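Asks: Sequence and predicted structure below; questions after.
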Amino acid sequence: MKVKYFPDTDTALIEFTDKEVYETKEIGEDIYIDLDQHGNLVNMTIEHAKAKAGLREFSYQEMVPPLEEKAEQVA
């Protein structure tokens, strides 16, 4: 996954895969998703990102299940 921010247009582009875009859908004002030919998410574009998504800062955190859940999954 890649997140790109274009300050000149205040646009955020979140790339989930590198598959070819088949269709773009507007899911809300200034928010678009790109889908592949099977309907899977490829990209998401947020225009006016600072105002619409509060994009002032970006961080990534991968959430892992607690140790008890991991033990149950292995069993």
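Replies: Cool, the structure landed. Numbers count the residues shown, from 1 in each chain.

Asks: any idea which residue sits dead centre in this protein?
Replies: Central residue of the chain (Cα atoms, centre = their mean): residue 14, 4.5 Å from the mean position.

Asks: Looks to me like residue 62 is in a strand.
Replies: No: applying DSSP: H, G, I helix; E, B strand; the rest coil, one finds residue 62 to be coil, outside a strand.

Asks: quick revisit: which residue is the nearest non-sequential neighbour of the residue nearest to the centre of the chain?
Replies: residue 44 (4.5 Å; Cβ to Cβ, 6 or more residues apart in numbering). All C-beta spots, glycine's among them, are computed from the backbone N, C-alpha and C.

Asks: any idea how far that neighbour lies from residue 22?
Replies: 15 Å (Cβ to Cβ, to the nearest Å).

Asks: Specify which residue of these two has the higher count of neighbours.
Replies: Here residue 44 and residue 22 are compared on neighbour count by other Cβ atoms under 10 Å; more neighbours surround residue 44, at 16 against 13.

Asks: so where is this protein shaky, pLDDT-wise?
Replies: With pLDDT under 70 as the threshold, the chain has low-confidence stretches at 55, 58, 60, 68-75.

Asks: Do a quick rundown of the helices in it.
Replies: Ranges of helices within the chain are 49-52, 67-74, based on DSSP state H.

Asks: so residue 40 makes contact with residue 21?
Replies: No: under the criterion of Cβ atoms under 8 Å, residue 40 makes no contact with residue 21, lying 10.8 Å away.

Asks: If we ignore the residues flanking it in sequence, what's nearest residue 4?
Replies: That would be residue 13: by Cβ to Cβ, 6+ apart, it lies 4.5 Å from residue 4.
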